[in-house]
Every structure is written in C-alpha cells, then in structure tokens.
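> prediction below, plus the sequence it came from.
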Amino acid sequence: MTTPRRFSDRRTFLKQAGLGLGVGVTASWGPTVVPEALARATGPRSLWRLDPARVQFRPEIEPIVRFIEDTAREHLIEEAAHKLKTGAMAPADLTLGVFLAGIRNVKPRPVGFKFHTVLSLYSAHSLSLAADPEDRLLPLFWALDTFKSSQAADVREGDWNLAAVDEARLTTPDQAIERLTAAFDAWDDEGADLAAAAVARTQGAAAAMEPFWRAAVRDQRNIGHKPIFAMQCWRTLQTFGWQHAEPTLRSLAFGLLDLQGDRSRVPLGPYASSLEQANTLRDDWTLGRLDAGATRSLVDTLRTIESDRAPAAMAEAINKGLAPEAAWDAVRLVAMELLMRKPGIVSLHAVTATNALRAIFTLSSDPTTRRLSLLQAAGWLPLYRNRVGVDPDAPRIDALQPVDSTAATDSPEALQEIFEAVSRDRGRAAGLALGFVKRGGDPEALFSAARRLIVRKGRDSHDYKFQAAAWEEARLAADLDTTTRLAAASLFNAIGSRAPDAPVIERARAALA
C-alpha cells in the first residue's frame, strides 16, 4: 500500500535526519543552491533517495522545510525574520518551504479546512508580489503562521504524513499517463499514488497535468476545492520549479480522489450531463461574438436553472455563436452576484471555484477538458445557490447603482470613503465603487486598496484566496462594465479600513524592524 501514512516519531526523525538548518542558503529571490558540503555528503544520486518512512524533499529545500516544521509557532515569526534579515534564507525559499511543509504534514482530505495552508499559499504569494514594497514580506509571515496552525490541527487529528513512494512498484514511464487516468476513473488511491509519482518523474509539465485537470473539473465535492487545489499546485510549481512536482502531484492525486465517505464513487454535480454536452459544441466553438445582450440572457438563465440542465444551457449559448469569453463573463457575474446576495463561505467558493475552472480552461490543451471546464462552471453555480438559499428579492449585480461622492476620483479620499463604508455598509461601499469607476476612476486602484488592507489586516485564508481570484477574474472580463460590476460586488467580501491589523502581521513588522 503506497497511500500516505503516518510517521511514528516525528521528533526523532527531525533530530536524526542528516541536514542542518539554514546552511548555505542563498539570500536572493531565486532558487537556493545546494550547499557544497551537503552535495559532497549526499552525492548527486541521493537527490532522488527518499526516507523509508515519509517523503523527503530535495536537499536544497529540505533544511528549510524542517526549520518551518520544527520551530514552535510562538517563535517562528521572529526566527524567520532573523534569517531573512541576515541573509540565511531567501523569501522565495521560505515561501516554497511553507508550501512543501503543508504537502508533507497536512492531510489533503477533506480538501479544505486545515489544508488551506496549501490551498491559499500561491494566492498569498501573488498578492505579495503586487503589494507595496514595505508590505511585500507580510503575506509570507501570515503563511508561516497559518501552516503552524494547520500542522497542529493535523497532529490533533492523527498526525498524517505523506509517505515515501514504493519504489519497487512504480508505474513504467510508457504507461504512466494511461495508468494515472485509469486510477482516477476507478477512484483508486493506491494506483493513482504510484502513477502520479511516475508521471512527475517522466513526463513534461504540461502533459503531466492533463489527467489532473480532468479529475479536478469532474467533482464539486468540498465545495469546489478540487480545481482550486490543482490550479494552486500548478502555479506554485511554475513559480518555484517543476523539480518539486512529485510530492506535490501525489498529494494532489490523494485529494482529488476524496469521496468524503461516499461509496457510490461518482462525481458530485452534473458531470455526466457536461460530458454529454461537450460532444455537442460546434467545431469552431472557441470562436464567436462578444454580445452583451446574449451574456445578460445567459446570466438570467443561470440564476434560476437547475444543475443538471445548466450545461445544456451553456452549450446552447455557445452553439448560437457566443464566444467563450462572453460565456465566462456570465459565469463570473452569477458567481459574484451569489456572494453579493448571500455573503458567506459557500457563496465565496462560487467565485474561487469559477476562477480555478476558468484557469484550467486556459491551461489545458485537451479539447474535452476545456469544454468540460466551461460546462461544469455553469453546472456548479446552481449547487452553490441551492446550498445557501437566496432571497428572490435580494439585489442583483446588474441592478447595482452608482452612489455619488464629493471626492475627486484621483484623490486618496475617494478610496478612503469606499473602504470606510466597507466596515459599515457593504452595499453603499459597492455603490461608491461603481460610481468611482463610472466617473473615470481606475478599477485597479480599487483592487490595490483592497489588497493593501488584506495584506495588513487579513486573518483568514479566504481573505487571500478570494481577493486573488476576484481580482484576476475582473481583469479578464470581456468588457469594462463587467469588470466594474465584479470589482464593486467583490467589496461584499472585502476588509474595511476600520478593521484592526492582524496580530501576526504586527509581530512580523516588529520582528523585521
């Protein structure tokens, strides 16, 4: 059995393992160079040698992961700040270390809850890259602290660890993709683990991800976290290096096959309907017209249709000539409207899952997977709507009206008024934001202000995940009105300027001073 297992004595392993902490780590933003002494001690072949009890990472990153794992939560912020200030570790290395620490130490079942240490890592990283220079390191410290919370939760729930792969039973390179696809189809944990390791070792990055994309889009269990997990893994590996793919893809495979105890072994949601409709799309379906009226009509349909009929409605719109970009706008608007009408954790995931499905639509080269991403995005919206319940009299995103302001759009007071309103009246804040853009204000300024507040005041993984997803989808909208309405409605899940700074951020600032 090669599915991940618990390591019996974590502390003994950490103390006896042969790598020191922080030795020879580069201070640059680039990847760490393997220390010369470490390379001599281990030899080049040991780069692929795994500990018999649990997965071991490459020697250039293993010491950093162990530092994060083994430092007490109450000391980690200060010790990490010291290593950054002295050049003993680089921000990029610590960021990758947090991700891999989550991969090794936190069970990806359910895909959510404590596993958000992995699911939100790239989102936090992306916000840090766009943050003000003085704030750029703060999301990293939030991520470090979030991992320690997740690590403690995992220990309380059984102390799961990602096991070393069974080398003797690895799938052969020529069968790796086929075996992984078959394992996903059969919901076979063990087969998927062996095949995922082989795929990571033997296939190019794009080809390796295709079976994962298909498995990610089929199942809405865990309120849409499966495509989010897949997207976050891809983006993290693209940023920090495909050489870390094997443990990452093994964890991803284990998470994608989570059935939450359901013995029926079938996807949750309209996957069968989407598969059927995928075969009906016109040959030139990737082309089409941008038609605001047709997009509005599709929005009206998706507001009320049931899940099993939504893929057919999407297919009909595409077959009538609507461009996929315009169809995605309809999905974006309905998802964000659901959040606006019934704010909460479930409706929030309508937005973040839409973001992930749209990313897979962009990244996959498989025509069927691309079709399924769009059709499933339509089919999942009713699942979110039915789960939260929506008052039919609740406001609609296309009915948002601009609220006048006396502040000039190019003045700091305009944004200050909007985010002060977030703390008191989100509906007014959305109206002010809509008015701000209608009067010539830049939507990017709204997202920049929201990002600044999250970096300083955000406490929850969903603050980061949602902001990154909402910002990305608004920027990709096919027309300015859609961008504006998405930006305004996103304030129903923004952080207001009156919220206090997060305690971990205050600690980080003090440690970096």
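Received the coordinates, thanks.
> most distant residue from the centre of this structure?
Taking Cα atoms, centre = their mean, the residue of the chain most remote from its mean C-alpha position is Thr406, at 38.3 Å.
> and it, helix, strand or coil?
Following DSSP: H, G, I helix; E, B strand; the rest coil, Thr406 is assigned to coil.
> distance check, Asp262 against Arg221.
Shown here: Asp262 relative to Arg221, a distance of 8 Å by Cβ to Cβ, to the nearest Å. (Glycine included, C-beta is placed from N, CA and C.)
> err, Phe212, not the other one
Taken as Cβ to Cβ, the span from Phe212 to Arg221 is 16 Å.
> of these two, who's got more company?
Phe212 (26 against 19; other Cβ atoms under 10 Å).
> surely that one meets Arg250?
No - because the distance of 11.1 Å does not satisfy Cβ atoms under 8 Å, Phe212 is recorded as not touching Arg250.
> picking that back up, can you list residues touching both of Asp262 and Arg221?
Taking Cβ atoms under 8 Å, 6 or more residues apart in numbering as the contact definition, Asp262 and Arg221 share the neighbouring residues Leu268.
> so what are the domain limits for this protein?
Recorded structural domains for the chain (assignment: automatic domain parsing) are 172-256, 271-388, 400-503.
> using a markdown table, lay out those together with distance to Arg109.
Shown next, in a markdown table, are these (distance: least, Cβ to Cβ, whole Å):
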| stretch | distance to Arg109 |
| --- | --- |
| domain 172-256 | 6 |
| domain 271-388 | 17 |
| domain 400-503 | 17 |
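> and Leu322, its phi and psi?
Summarising the backbone geometry of Leu322 under the convention degrees, to the nearest 10, its torsions are phi -70, psi 140.
> tell me the pLDDT at it?
Listed pLDDT for Leu322 reads 99.
> beta partners of it?
Applying DSSP bridges to Leu322 gives these bridge partners: Arg289.
> 59 is where my numbering starts, stick with that
Taking 59 as the first residue, the last one we looked at is Leu380.
> a helix runs through Ala508, doesn't it?
Yes - counting by three-state DSSP, Ala508 is found in a helix.
> what about it, how many residues nearby?
Residues contacting Ala508 under the criterion other Cβ under 10 Å number 28.
> repeat that for Pro425.
In terms of burial, Pro425 registers 12 neighbours under the definition other Cβ under 10 Å.
> quick one: residues contacting it.
No residues are in contact with Pro425 under the rule Cβ under 8 Å, 6+ apart.
> do the same with Thr542
Contact partners of Thr542, counting by Cβ under 8 Å, 6+ apart, are Leu492, Val495, Lys496, Pro501.
> now with 6 Å, please.
Residues counted as contacts of Thr542 (Cβ atoms under 6 Å, 6 or more residues apart in numbering) are Val495.
> how close does it sit to Asn219?
For Thr542, the distance to Asn219 (Cβ to Cβ) stands at 47 Å.
> related to what we said a few turns ago, would you list the phi and psi of the residue farthest from the centre of the chain?
phi -90, psi -10.
> separation between Phe298 and Phe115?
Counting by Cβ to Cβ - Phe298 and Phe115 are separated by 12 Å.
> and Ala568, how many neighbours does it have?
11.
> mind checking the SS state of it?
Following three-state DSSP, we place Ala568 in the helix state.
> confidence score at it?
If you check Ala568, the pLDDT there is 98.
> next one: Asp449
Among the per-residue scores, Asp449 shows a pLDDT of 88.
> and it, how many neighbours?
Summarising burial for Asp449: neighbours were counted as other Cβ under 10 Å, giving 8.
> phi, psi for it please.
Taking degrees, to the nearest 10 as the convention, Asp449 sits at phi -70, psi 120.
> any idea how far Leu549 is from it?
Using Cβ to Cβ, Asp449 is found at 19 Å from Leu549.
> now Ala350
If you measure Ala350 against Leu549 using Cβ to Cβ, the figure is 23 Å.
> higher neighbour count, these two?
Per other Cβ under 10 Å, whichever of Ala350 and Leu549 has more neighbours is Leu549, with 26 against 13.
> what's the following helix or strand after the helix or strand where Leu441 lies?
Assigned by DSSP states H and E, Leu441 falls within helix 425-446. Taking DSSP H and E as the definition, the helix or strand that follows helix 425-446 towards the C-terminus is helix 470-480.
> next, count neighbours for Ile152.
Heads up, residue 152 is Leu, not Ile. By the other Cβ under 10 Å criterion, the neighbourhood of Leu152 contains 23 residues.
> for it, what are its contacts?
The neighbourhood of Leu152, defined by Cβ under 6 Å, 6+ apart, consists of Leu198.
> any idea which element it lies in?
Taking DSSP H and E as the definition, Leu152 sits inside helix 149-163.
> next structured bit after that helix?
Downstream of helix 149-163, the first helix or strand assigned by DSSP H and E is helix 174-177.
> need the nearest residue in space to Arg454, chain neighbours excluded.
Nearest in space to Arg454, with sequence neighbours left out and distances taken as Cβ to Cβ, 6 or more residues apart in numbering, is Glu395 at 6.1 Å.
> state whether Ala507 and Leu473 are indeed in contact, as I suppose.
Yes - here Ala507 lies in contact with Leu473, judged by Cβ atoms under 6 Å, at a distance of 4.7 Å.
> which intervals of this structure have sub-threshold pLDDT?
Within the chain, the ranges that satisfy pLDDT under 70 run 59-110.
> same thing but 80
Applying pLDDT under 80 to the chain flags the ranges 59-111.
> so how many other residues sit close to Leu187?
Using other Cβ under 10 Å, the number of residues around Leu187 comes to 9.
> nearest residue to it other than its sequence neighbours?
Once flanking residues are discounted, Leu187 sits nearest to Arg194: 7.5 Å by Cβ to Cβ, 6+ apart.
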